[in-house]
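Asker: All I have is the shape, not the residue letters:
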C-alpha cells in the first residue's frame, strides 16, 4: 500500500491506483494520514473536513465515507489504512507507506550528507526525495485548512531540499547545468537569499562576475521593496567576497567551498 500526498491524494496497491469514492472520503483519508498514528474522533474529523459549516448530520455522516473507503481499498493492507479505534479512527500505517514521510526521511539524510561533506551521497539522496513529488504541490485539490497548512509545510521542505541539492552540486563543481537551474529557481523564488547566494557563487566560478554582482543588487532592491529589509549577513559577505574576488569564500573553478565555515550553521536555517 502506497499513500501519496505529494500531488493529488492517491492510494496505490501493487502498482494500481485505487478509487477513493469522492471528495469527502479523500479529505477524511488525507486528514488521517497527515495525522499518521493519531486517533481522530468523529468530532475532530468534522472540524478538519467540514470546517466552519458542517451539516447537522456531519458527525453521523463520517461513518459513511469511512465505510466507502474501506470498501474501495479492500485488502489486508487496507485494514491499517483506516482503523477504528475509540473514540474515532486512525491511519495505522508505517511512515514508509506514505510518500510525504519518505520524502522527509530522504531530505533529512541528504541535508546531513551535505553538512558532513558527502556531496555525492547528498545528491543521490536529495534526488530521490525530490523525485517523489508528482504535482505542483502537496495535497492538490483539497481546500481545507489542515491540507493547506500541511501543503505549505511540505512546499517549504521541498524548496530546502532543492537548495541543499544545489549546495551539493556546487561542492562537486558541476557548474554548466547548475547556473541554469539556479537562474530558474531564483526567478521563481526571488526573496529567498540562500539560492541567490548559490547563484552568485556559481556565476563567479564560471567567470561571470558582473552578472553575480548584478544578481546581488537585484536581490537587495527586491528585499527592500517587498520586505523593507536589507540582505542578511551571509549574502552581504558573499557580495563583499565578490568585490574582492575572495576565493577563500567563493571557491575557485574546481573548488569546493560554498560558504565560510562560520556560516555553515546558517545554511540550514
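Answerer: Received it, and whenever you're ready, just let me know what you need. Bear in mind the structure is a predicted one, so any value in this text is a computation, not a measurement.
Asker: Check the offset of the longest helix anywhere in the chain from the chain's centre.
Answerer: In the chain, assigned by DSSP state H, the helix with the most residues is helix 145-171. Relative to the mean C-alpha coordinate of its chain, helix 145-171 is positioned 3 Å out (CA atoms, centre = their mean, to the nearest Å).
Asker: what do you get for stretch 209-216?
Answerer: 28 Å.
Asker: Please identify the buried residues of that stretch?
Answerer: Buried residues in stretch 209-216, defined by neighbour count with 16 or more other CB atoms under 10 Å: 212-213, 215-216. For the C-beta atoms, the positions are set from N, CA and C on the backbone; glycine is no exception.
Asker: ok so, going back, who does the longest helix of the chain touch, helix- and strand-wise?
Answerer: The contact analysis (3 or more CB pairs under 8 Å, 6 or more residues apart in numbering; DSSP states H and E) places helix 145-171 against helix 23-34, helix 99-115, helix 119-130, helix 176-188, helix 193-205.
Asker: rerun that using 6 Å as the cut-off
Answerer: When contacts are defined as 3 or more CB pairs under 6 Å, 6 or more residues apart in numbering; DSSP states H and E, helix 145-171 packs onto helix 99-115, helix 119-130, helix 193-205.
Asker: buried sites along stretch 157-170?
Answerer: Neighbour-count burial for stretch 157-170, counted by 16+ other CB under 10 Å, picks out 157-170.
Asker: And stretch 168-184, by the same measure?
Answerer: For stretch 168-184, by 16+ other CB under 10 Å, it's 168-171, 173-175, 178-179, 181-183.
Asker: Where does pLDDT dip in this protein?
Answerer: Applying pLDDT under 70 to the chain flags residues 58-59, 74-79, 175-176, 252-269.
Asker: Excluding chain neighbours, what is closest to the most centrally placed residue in the chain?
Answerer: Central residue of the chain (CA atoms, centre = their mean): residue 158, 2.2 Å from the mean position. With CB to CB, 6 or more residues apart in numbering as the criterion, residue 158 has its nearest non-adjacent residue at 6.5 Å, and that residue is residue 133.
Asker: The one you found belongs to a strand, doesn't it?
Answerer: No - remark: residue 133 does not belong to a strand; assigned using DSSP: H, G, I helix; E, B strand; the rest coil, it is coil.
Asker: Look up phi and psi at it.
Answerer: Per-residue torsions, residue 133: phi -80, psi 140 (degrees, to the nearest 10).
Asker: now do residue 63
Answerer: Here is the backbone geometry of residue 63 (degrees, to the nearest 10): phi -60, psi -30.
Asker: Nearest residue to residue 128 in space, please, no chain neighbours.
Answerer: residue 106 (5.1 Å).
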